[in-house]
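**Q** Pasted the sequence and its predicted model underneath.
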Amino acid sequence: MSEPLWQAAPFPLIFAAPSGAGKTTVARMLRERRRDVLFSVSATTRPPRSYEKDGRDYHFVAEPEFRRMIEVGELAEWAEVHGHLYGTPLRNFQHAAERGAHLLLDIDVAGARQIRQRVRDAVAVFILPPSGWALAERLNGRASEAQAVRLRRMTNALAEMKAAAEFDYVIVNDDLQAALRSVEAILAAEAHRPARVPRLSEGVARLCAEIEDYLRRHAPSSLHPSSGEAKE
């Protein structure tokens with residue numbers, strides 16, 4: 001069975017934000033709510049946190065393995081963040097395409113820039129905290145991290161937030177449900193762009209043929225498209 005004429009092609013959806021802005025939580029809620037969203041599991045050299053599972057939250061790999069992936073071209077993007085290596089496997093894009101799903105990428109600003117250069121149809125969303133104090137409170141709530149690490153994340157956040165204007169959309173994460181609704185509105189709006197409907201021309205041609213057929217059957221001959229310009 002062929003795809004519906006008006007069905008838009010899925011596209012990668014990038015989430016970027018300073019640490020503590022809540023992008024990972026919004027991403028988790030989105031993929032739990034929608035079957036047409038597939039989470040892009042990144043590879044990283046950092047150790048897993050107590051609640052993280054290999055293959056679900058990240059692919060946790062040793063640094064030599066990560067370096068090998070870089071050398072053989074298995075990564076769509078990669079960067080060193082907070083002393084650890086992170087990257088997006090190219091196979092994630094193929095997997096999402098095969099499932100007809102939007103690939104959801106939860107990555108940093110540098111990674112988002114690399115993806116946007118290579119994947120032109122990607123949609124980039126930057127998530128901001130409601131205030132600098134709120135960001136500090138969220139980071140201080142991470143008991144698993146040392147104070148020095150939290151301060152380094154705050155310092156990096158200063159540079160990352162200045163990149164917000166580079167993105168297609170900006171969402172302030174003051175309320176998780178409101179942020180989620182905003183993301184879903186973005187998905188809906190982007191799906192209606194003509195460039196994302198691969199069979200648009202075919203669909204419009206079918207509509208025109210149906211209208212012309214109706215006119216041939218019911219309209220006076222003076223209004224037939226074949227008789228020249230219709231009279232007003």
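**A** Received it, and whenever you're ready, just let me know what you need.

**Q** How much space separates T44 from N92?
**A** Separation of T44 from N92 (CB to CB, to the nearest Å) stands at 14 Å. Just so you know, the C-beta spots here come from the backbone N, C-alpha and C atoms, and that holds for glycine as well.

**Q** can you give me the helices in the protein?
**A** Assigned by DSSP state H, the chain shows helices spanning 23-33, 63-71, 91-99, 109-118, 132-140, 147-161, 176-190, 200-218.

**Q** how about those helices, which one is nearest I14?
**A** Each of the helices of the chain was scored for nearness to I14 using CB to CB, and the closest is helix 109-118 (5.0 Å).

**Q** The closest one vs helix 147-161, what angle?
**A** 40 degrees (axes from the mean of the first three to the mean of the last three CA atoms, to 10 degrees).

**Q** Next, the buried residues of helix 109-118.
**A** In terms of neighbour count (16 or more other CB atoms under 10 Å), helix 109-118 has its buried residues at 109-116.

**Q** So what's the gap between stretch 24-36 and the chain middle?
**A** Centroid separation for stretch 24-36 versus its chain: 11 Å, with CA atoms, centre = their mean, to the nearest Å.

**Q** Now tell me what touches it from outside.
**A** Stretch 24-36 has contacts (CB atoms under 8 Å, 6 or more residues apart in numbering) with 10, 15, 37-39, 100-102, 104, 106, 127, 171, 173, 176, 179-180, 183-184, 187.

**Q** How far does stretch 190-210 stretch from one end to the other?
**A** Using CA to CA, to the nearest Å, one end of stretch 190-210 lies 28 Å from the other.

**Q** so N140 touches R150, yeah?
**A** Yes: the criterion here is CB atoms under 8 Å, and N140 meets it with R150 at 6.2 Å.

**Q** between those two, who's got more neighbours?
**A** For the pair N140 and R150, the greater number of neighbours falls to R150 (18 against 14), based on other CB atoms under 10 Å.
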